[in-house]
Structure formats: structure tokens, C-alpha cells
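Colleague: from the sequence below, what's the structure:
(one chain, ligands or ions: 1)
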Amino acid sequence: MKKNDLFTVTIEDMSEDGAGIGRTDGYTWFVKDTVIGDVVEAGVTKMKKNYGFARLAKIITPSPCRVEPKCPVARQCGGCQLQAMSYEEQLRFKERKIRNNLSRLGGIPADQIPMEPIMGMEDPWRYRNKAQFPFGKNKNGEIITGFYAGRTHAIIEHEDCLLGIEENKEILDIIRNFMKEYKIEPYDETTHTGLVRHALIRKGFATGELMVCLVINGKKLPAAGELAKRLQTVPGMTSISCSVNREKTNVIMGREIINIWGPGYINDRIGEVKYRISPLSFYQVNPVQTKKLYETALEFAGLKGGETVWDLYCGIGTISLFLAQKAGKVYGVEIVPQAIDDARENARLNHMENVEFFVGKAEEVLPEQYEKNHIRADVIVVDPPRKGCDEKCLETIVKMQPERLVYVSCDSATLARDVKYLQEKGYELSRVRGCDMFGQSVHVETAALLINKK
Ligand code: SAH
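Modeller: As a prediction, the model looks like this:
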């Protein structure tokens, strides 16, 4: 077969990134936009020795799991990979993903993984409290905003993402019209010119407070006061700021924040705990599911009161404060200084005196504290970014010998790698539970409990 040839294939499996997988004469095909159970006609796009890629040309027999995508740009946009799959099937896909990774990369036989049922969402739409919209121009030179297409930086014009809040569209319209009127150019990454790169919009679901932060390729936003005035007409508007990012980079936010209007942060609540959130701080995007995830982490931690707990990669102290409700003392470690400012403020806000925070890399702070101050821990909680824990960090955790290690992960592949390491050092995987924070996408959060065998 060669490029553009058409062939018929049954989709029998799904890849990690949500492409359908089918076979013809023992040769494996990856077909984007298909669903497990579909019989489709596909067109060859690229062939390698043992596998190839094809595009969906026609659905011959739709899978029973196939649904009509709600979003008009579901196929073009890089955000959702599973919109054509029923939500029940999405959850099965995510459970399989966690199980496969733990057995393939973690070396645990699939039938011995202590998996508990995944926690799904009641309503897998409009659940995101945060979005970052890139600005650019269309073919007619008009300012547009939306989302990047999969694997590229072409902007798919779309202001009302169905995963996001309804206010996004109104806010983006205000920004776009303001830019047009004041002749403010969107950023062009090919020429590194223009001013407005992205708009970050965040909402506290429990409080209704809204934050807008414009990322600009310059020191200052002209007529910023006028923009602020217009944005204040949106109910709930609380904080308006700019972030300066003048680098040629894919990193969205700059390091510097210029406050335009409001206190520079918004507030939110998860369960009983109040949180203050600044533009640069990490905060989980799905507050409803976050509560379930943190409750699971707390349950896994098995606190009876009086324990010493370390919360590594703590962000604004979200998990730390959850744990502090039950522990004797909680120490948090986080690399972003602004997040630690928020974490300390959050502890004050909640009148929690049994928490202490450190700024720095977990793989540096923990070994340093261990060598110098001989710190100890009954329980350690980690919630690292996608790349997982640094080996130096795991090494120190093992030296500290906590009874329990709760691993919260947004990438089950690196979780599995780290679980393998920890199992070799005397920890046993005792509970695993998925939590769907990102419906319609291939991503899934996992909470795992490892117990010290000694
Ligand atoms: N536990 C928090 C944040 C989890 S996201 C919550 O649930 O909200 C991961 C966090 O790790 C981010 O805040 C990121 O800034 C931080 N981080 C990334 N690399 C780090 C490192 N090497 N050491 C410490 N923190 C790190």
C-alpha cells in the first residue's frame, strides 16, 4: 500500500493519545478520529516498517460506543481527543490506560493491580475553571482567538469551548474588540512581533470570582485602564492583570505580573478549605473532581492525627491544607515562589498553624532537609508534573522510610516507572484509583497508595 490508498479496517483498540488501532494482515494502523468498535474506510497518510498512520475517510459501521461530538471543531482542535466516544467508554479507556501502564512499565501483572473503580464526572462538560486562549489573525487579517490545532500552532477560531465556562466568550469578545479599537496587534510567533499572546481566564467555581490575565510581548499594555473598565462589566470579575513574556518560547505565561485592577488573585473553596489563587500558581482545573481526588489522597494517607506529613510538589498548598485538617504537621515543597506565597496565605486564611512551606525543587529541598535537619515523615504525598519524580527525590523518600506514600499522578506512565523503583526498594502498591478530571480528553489522574513492607 502507498500514501492515499484506501482500505477497510476494524478498530480493535485505542492508543494512549486516543487514536483508533486496527490491523490488516498483521500490520498495525493508527487511525485518528475513530472509536473502538468502528469499522471504517481509512486513507494511508504515512507508513513505517511495522505500523502506519491513516485518516478516517468514511465510517462503514459505527461502534456502539460512538456518539455525535457536541463541539463543532472537535476534530480540528487539539484539546479533545475522545469527543466521539461515549463517556462510559472514555472511562473504560482511562482505566485500561492506567492498568496497562502499571503492568507494562511498572512490571506488575495486570491481574494483580489493586485497581478500584475510576471516579467519573456527573457532567463531563463545562468543567474547566481555567483556559488559555492564543491570539492571532485569520486570512483576512482579522484578530481571532481560540485553540491550537493538534500538534501545531495554527489557531482554530473558537471562543466557546464546551469544556470551559460560559463567560469565556464574553470576555474574549471584549478583549478582541478592545484590541481592534486601540489597534493593538496580536503576537506573531514567526516574526516575534505584535503584543497580545494569550488570555488566561480563571474562575473560582465556589465563589464565582473571575480572573483575566493577558500575556503580552512587551512591557506595558496601552489603555490598560480602559480594558479593565470594560472587563469589569462581566459579573464576578475580580482580578485583571498582565503577564510579561517577551521570549521566543512555547511557555505561555511570563514570570512577571503587572497588576491592572483588583487584588491580583481570586479566591476559591474546595470542601471546607479556602484558597487564594494568583495568575502564576498551579491550581487544578476541575474543582468538582479535585475534591474527590483530594478526599481519596486523604483516605490513602490514613491519618489518625499527630502524623508528620510531607506534601511534595504542593502548588498553592491545596493538598497540604486538606491533609493538615487531620495531621499533626504538614510540610509542603514547591518550585514556584508565587505559589508558595499563596500557600502561606492560604494557611493563614484557613487558620491552620500546623503547616510550613519551602520554596525549591523537591529533589533538592528534601535531601537537604534530610541531611541537615534529619527530618522524618510518617506519610509522604507527591503530586509531580507529567515527568514524574526525580530519582534523587525518590531516593530520599526511601531513606526517610515513611509508612505510607501517596502518589497523585497526572501521567500514569511516569507513575508506573516510579512505582517500579519504589517496589524494588521495599514499597508495595496497595491501592490505585483513577479520577477523571479531563473528560473528552485522553488525560487521567491517578491516586496510588504505596505501603512500606518493613
Ligand atoms: N499538589 C498541587 C500541585 C500539583 S501540580 C495541587 O494539587 O494543586 C505540580 C506542581 O509541581 C506545580 O505546582 C509545579 O510548579 C510544581 N513543580 C514542578 N517541578 C517541581 C520540582 N522539581 N520540585 C517541586 N515542585 C515542582
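Colleague: residues from the stretch 301-450 of the chain in reach of the ligand?
Modeller: Contact residues, the stretch 301-450 of the chain versus the ligand (Cβ under 6 Å from any ligand atom): 313-315, 318-319, 333-336, 339, 361-363, 383-385. In short, each C-beta sits where N, CA and C put it, glycine included.
Colleague: any chance you could map the strands in the stretch 251-400 of the chain?
Modeller: 256-261, 266-270, 273-277, 308-312, 329-334, 355-359, 379-382 (DSSP state E, counting those that start in this stretch).
Colleague: make a PyMOL selection of whichever of the residues of the stretch 301-450 of the chain next to the ligand turn out to be buried.
Modeller: Restricted to buried positions by 16 or more other Cβ atoms under 10 Å, the PyMOL selection for these reads:
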select buried, resi 313+314+315+318+319+333+334+335+336+339+361+362+363+383+384
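Colleague: tell me the one of the residues of the stretch 301-450 of the chain next to the ligand nearest residue 221?
Modeller: Within these, distances to residue 221 taken as Cβ to Cβ reach their minimum at residue 336, with 23.4 Å.
Colleague: what's near enough to touch the closest residue to the ligand within the stretch 301-450 of the chain?
Modeller: Closest to the ligand within the stretch 301-450 of the chain is residue 315: 2.9 Å, counting by Cβ to the nearest ligand atom. Residue 315 is in contact with 281-283, 334, 336, 339, 343, 383, counting by Cβ atoms under 8 Å, 6 or more residues apart in numbering.
Colleague: which ones are touching the residue nearest to residue 288 when sequence neighbours are not counted?
Modeller: Leaving out its chain neighbours, the residue that sits closest to residue 288 by Cβ to Cβ, 6 or more residues apart in numbering is residue 127, at 6.5 Å. Residues in contact with residue 127 (Cβ under 8 Å, 6+ apart) are 121, 163, 285-286, 288-289, 439.
Colleague: just the buried residues from the residues you listed, in PyMOL please.
Modeller: Applying 16+ other Cβ under 10 Å to those, the buried members can be selected in PyMOL as follows:
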select buried, resi 121+163+285+286+289+439
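Colleague: export the contacts of residue 127 as JSON lines, with columns for distance to residue 246 and pLDDT.
Modeller: Shown next, in JSON lines, are the contacts of residue 127 (distance: Cβ to Cβ, whole Å; pLDDT from 0 to 100):
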{"residue": "121", "distance to residue 246": "39", "pLDDT": "98"}
{"residue": "163", "distance to residue 246": "30", "pLDDT": "97"}
{"residue": "285", "distance to residue 246": "27", "pLDDT": "95"}
{"residue": "286", "distance to residue 246": "32", "pLDDT": "97"}
{"residue": "288", "distance to residue 246": "37", "pLDDT": "95"}
{"residue": "289", "distance to residue 246": "36", "pLDDT": "97"}
{"residue": "439", "distance to residue 246": "36", "pLDDT": "98"}
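Colleague: ok, of the contacts of residue 127, which one's closest to the ligand?
Modeller: residue 285 (9.9 Å).
Colleague: list the contacts of that closest one.
Modeller: 127-130, 437-438.
Colleague: same deal with residue 302?
Modeller: 379, 404.
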